[in-house]
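K.L.:
show me how the following folds:
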Amino acid sequence: MKILHLANHARNIGNGIVNVMVDLACTQAAAGHEVMVASSGGEFEVLLARYGVRHVFLPQSPRPSRVPAMLLGFRRLVAQSDPDIIHAHMMTGALIARCAVLQRRYRLVTTVHNEFQRSALLMGVGDRVVGVTRAVAASMAQRGVPAQRLSVVRNGTIGTPRFADTPLPAAPGLQRPSIATLAGMYRRKGIQDLLHAFAHLRGGRPGATLYLIGDGPDRAEMESLAGELGIAQHVHFTGFIADPRPYLAETDVFVLASHAEPAGLVLCEAREAGCAIVATRVGGIPEMLDDGEAGLLVPPASPLALADAIDMLLADESARATLTARAQRHLDTFSVQRICDAYLSIYEQTIEAVLPGRLAQKAVRGIHNTTTP
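P.N.:
Residues are numbered from 1 along each chain as shown. A predicted model of the protein is given here:
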């Protein structure tokens, strides 16, 4: 099967959408498919090439001045590669794949990663629309996407090619007890709530230290808030860390305090690392934590509830150990290989539903081309 993935970039900056796309492309190529990625490029190009994934430079932007060149480049790429499936992971790619070619020989699959955005409705243009959790699919159904075009493939990171054959970085030597989050520095991620919660619980746990792993546009605001709360000397803003596994391995309590979260990919990483997890009951987070079996769920935007849950786990080593053990159950459901298999099945079903026999016809042509002198 010929598969073309579309994304805005292939940069290694902690973007969960890009990470999922790279994992999927590499795993599909390893399974013997002809896979391409079209984007504005980035550090992941090296990894893609190692797995036999061809990267094509195709900047994707909704800015009117860039649309003509983008459409022309896309049409040329499709004419040259004749993909069976185009898989769009972001809004701009979905729209050009749907509108740039009048008579499409390919089928379009879109994955809705951030359904809380208004632009998520535009991802409904796919022949098949995939939600990364049941909550995301339900939201798209409410927005008018027919049930017969909706599927669910839950994200996961177990067995990711991004860390394959990569030596584990040195242990950071976190101060204990340690509380950490791995998230972009955005208000949507509830960083401000976590800071308030930490300030509240530090009164009874003066040795506790908070690690905020990630970067983003609201970092300066969060650093200022830490100062206002009088906890700046006990809060470490690490910035973006490409391989956070050593931090997760030393974390006593991992927190994801998001106000909106379709899937919470970092929860897979925290579970694999053996963290005791506290997270907010929003979006797809409960699904990522086995409906509360693999982590404590608290209301969003509730610093006191967050502080109480964290403090309970720090105080009760037995409860923490029990939660850690539960977090490491059923990890196979988050495997990258499972996700690859699920998408390949969706691709085949989508092609056969609209273009019956296309894959079989291409296979026959391929055999003929290899046996004819």
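K.L.:
next one: A276 from A294, what distance?
P.N.:
10 Å (CB to CB, to the nearest Å). In short, each C-beta sits where N, CA and C put it, glycine included.
K.L.:
which one of these two is surrounded by more residues?
P.N.:
Neighbour count, other CB atoms under 10 Å: between A276 and A294, A276 has more, with 28 against 25.
K.L.:
dump the residue contacts of the more buried one.
P.N.:
Going by CB atoms under 8 Å, 6 or more residues apart in numbering, A276 touches 252-254, 295, 313, 320, 323-324, 327.
K.L.:
which ones are touching P244?
P.N.:
Contact analysis of P244 by CB under 8 Å, 6+ apart lists 182, 213, 269.
K.L.:
mind checking which of those residues are in strands?
P.N.:
Judged by DSSP state E, the contacts of P244 include 182, 213 as members of strands.
K.L.:
most neighbours of all the contacts of P244, which one?
P.N.:
Most neighbours among the contacts of P244, by other CB under 10 Å: L182, with 26 neighbours.
K.L.:
tell me where the model's unsure across the protein.
P.N.:
Low-confidence segments of the chain (pLDDT under 70): 355-373.
K.L.:
roughly how far is the helix ranked longest in it from the heart of the chain?
P.N.:
Longest helix in the chain, counting residues (DSSP state H): helix 336-354. For helix 336-354, the separation from the chain centroid amounts to 18 Å (computed by CA atoms, centre = their mean, to the nearest Å).
K.L.:
please name every helix or strand in contact with that helix.
P.N.:
Helix 336-354 is packed against helix 16-30, strand 85-88, strand 107-112, strand 128-131, helix 358-371, with contacts defined by 3 or more CB pairs under 8 Å, 6 or more residues apart in numbering; DSSP states H and E.
K.L.:
buried residues in it?
P.N.:
336, 338-340, 342-344, 346-347, 350-351 (16 or more other CB atoms under 10 Å).
K.L.:
repeat for stretch 299-319
P.N.:
For stretch 299-319, by 16+ other CB under 10 Å, it's 300, 302-303, 305-311, 313-314.
K.L.:
out of these, which sit inside helices?
P.N.:
Under the assignment DSSP H, the buried residues of stretch 299-319 contribute 303, 305-311, 313-314 to helices.
K.L.:
sorry, back to before: shared neighbours, A276 and A294?
P.N.:
323, 327.
K.L.:
which residue ranges of the chain form strands?
P.N.:
With strands called from DSSP E, the chain shows them at 2-6, 34-39, 54-57, 85-88, 107-112, 128-131, 150-152, 178-182, 209-213, 235-239, 253-256, 276-280, 296-298.
K.L.:
which one of these lies nearest to A94?
P.N.:
Closest to A94 of the strands of the chain is strand 85-88 (CB to CB; 3.9 Å).
K.L.:
name the strands paired with the closest one and say parallel or antiparallel.
P.N.:
strand 2-6 (parallel), strand 107-112 (parallel) (DSSP bridges).
K.L.:
same list, the buried residues of stretch 299-319, but as JSON lines with distance to R134 please.
P.N.:
Below are those laid out as JSON lines (distance: CB to CB, whole Å):
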{"residue": "P300", "distance to R134": "19"}
{"residue": "S302", "distance to R134": "24"}
{"residue": "P303", "distance to R134": "28"}
{"residue": "A305", "distance to R134": "24"}
{"residue": "L306", "distance to R134": "25"}
{"residue": "A307", "distance to R134": "30"}
{"residue": "D308", "distance to R134": "28"}
{"residue": "A309", "distance to R134": "24"}
{"residue": "I310", "distance to R134": "28"}
{"residue": "D311", "distance to R134": "31"}
{"residue": "L313", "distance to R134": "27"}
{"residue": "L314", "distance to R134": "32"}
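K.L.:
in a markdown table: the strands of the chain, plus distance to P169.
P.N.:
Putting these into a markdown table (distance: least, CB to CB, whole Å) gives the following:
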| stretch | distance to P169 |
| --- | --- |
| strand 2-6 | 28 |
| strand 34-39 | 26 |
| strand 54-57 | 26 |
| strand 85-88 | 31 |
| strand 107-112 | 30 |
| strand 128-131 | 33 |
| strand 150-152 | 34 |
| strand 178-182 | 14 |
| strand 209-213 | 13 |
| strand 235-239 | 12 |
| strand 253-256 | 18 |
| strand 276-280 | 22 |
| strand 296-298 | 28 |
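K.L.:
before we move on, the earlier item: could I get the strands paired with strand 85-88 in TSV, plus columns for distance to G173?
P.N.:
As requested, those are exported to TSV (distance: least, CB to CB, whole Å):
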stretch	distance to G173
strand 2-6	38
strand 107-112	38
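K.L.:
please identify the most buried of those.
P.N.:
Of these, the one with the most neighbours on average (mean count of other CB atoms under 10 Å) is strand 107-112, at a mean of 26.
K.L.:
so the chain: which segments form each domain?
P.N.:
As assigned by automatic domain parsing, the chain contains the domains 2-156+335-371, 178-331.
K.L.:
out of the ones you listed, flag the one nearest F163.
P.N.:
F163 lies closest, by CB to CB, to one member of the domains of the chain: domain 178-331, at 6.6 Å.
K.L.:
which ones are touching the closest residue in space to A170 that isn't next to it in sequence?
P.N.:
Leaving aside its sequence neighbours, A170 sits nearest to P246 (CB to CB, 6 or more residues apart in numbering; 6.8 Å). Listed by CB under 8 Å, 6+ apart, the contact set of P246 reads 168-172.
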